[in-house]
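1. This is the structure alone, sequence omitted:
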């Protein structure tokens with residue numbers, strides 16, 4: 001039976017038995033999980049054979065799929081010796097019942113954070129007059145979809161063989177309206193309840209490449225939040241590296257036995 005090219009195909013294996021659907025009301029998922037403890041993560045690079053590079057990230061109930069094309073010549077201005085990076089971040093219509101923020105302004109801010117995070121990681125000067133395109137699709141949003149998209153897109157670029165200074169790793173954090181407790185990797189209910197912070201980090205360089213905040217953040221609480229996000233990125237970094245190594249090994253052809 002021929003496949004339906006209009007459908008988004010997920011990975012062959014996944015930690016969650018749920019199909020890409022969400023319940024009508026957000027539900028708290030932090031039962032048994034500490035405030036500084038992230039959700040379990042499933043990562044796979046090199047998922048789509050039609051793309052130059054691809055990746056899939058699943059954190060709790062949040063699922064993100066990314067694909068990369070290029071580099072291809074785009075004919076920039078004569079004096080422009082840097083390549084150009086195009087990023088497209090979208091939510092599937094079935095990804096969420098209630099968005100963490102459905103306004104057009106917030107959607108643009110999410111796209112800008114993805115763009116800034118990846119531009120700091122990619123060596124665009126190595127691709128003069130070339131264009132790299134990144135497509136990120138949130139299949140299911142159960143909280144912290146934006147930082148998951150940053151990590152997924154960065155991994156897809158590395159899978160495509162694009163020269164990078166480092167992987168850009170994303171982390172999210174929330175703070176309740178009546179509490180100073182910071183919660184790493186918030187679910188959708190925790191995101192909607194109070195202030196949020198999304199940060200992207202180049203772990204090897206220890207450089208923050210993007211930061212997006214909503215709500216009120218003051219003094220020591222903002223400093224502690226940034227530190228907790230950076231620690232969350234450092235914890236996720238080895239998982240992305242391991243997935244990239246596995247994808248690279250899959251691309252290497254098996255050695256053929258030499259005939260006597």
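-> Yep, that arrived. Being a predicted model, the structure only gives us computed values, none of them experimental.

2. buried set for stretch 48-64?
-> Neighbour counts using 16 or more other C-beta atoms under 10 Å place 48, 51-64 of stretch 48-64 among the buried residues. Just so you know, the C-beta spots here come from the backbone N, C-alpha and C atoms, and that holds for glycine as well.

3. whoops, I mixed them up, stretch 163-174
-> Residues of stretch 163-174 classed as buried under the neighbour-count rule (16+ other C-beta under 10 Å) are 164, 166, 167, 168, 169, 170, 171, 172, 173, 174.

4. what's the closest of those to residue 231?
-> Of all these, the one with the least separation from residue 231 (C-beta to C-beta) is residue 171, at 8.2 Å.

5. which residues touch the closest one?
-> Residue 171 makes contact with 38, 144, 147, 184-185, 198-201, 229-230, 232-233, 236 under the criterion C-beta atoms under 8 Å, 6 or more residues apart in numbering.

6. what is residue 43 paired to in the beta sheet?
-> Taking DSSP bridges, one finds residue 57 as the beta-bridge partners of residue 43.

7. isn't it right up against residue 240?
-> Yes. Residue 43 sits in contact with residue 240 when judged by C-beta atoms under 8 Å, with a separation of 6.1 Å.

8. in the stretch 1-150 of the chain, which spans are helices?
-> With helices called from DSSP state H, counting those that start in this stretch, the stretch 1-150 of the chain shows them at 104-121, 145-159.

9. returning to what we had before: output the buried residues of stretch 163-174 as CSV; include the columns distance to residue 219 and pLDDT.
-> What follows is the buried residues of stretch 163-174, written out as CSV (distance: C-beta to C-beta, whole Å; pLDDT from 0 to 100):
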residue, distance to residue 219, pLDDT
164, 35, 90
166, 30, 91
167, 31, 91
168, 27, 92
169, 26, 92
170, 24, 91
171, 21, 90
172, 21, 89
173, 16, 88
174, 18, 85
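
10. Looking at those residues, which one is closest to residue 115?
-> Residue 115 has its nearest neighbour among the buried residues of stretch 163-174 in residue 168, at 10.9 Å by C-beta to C-beta.
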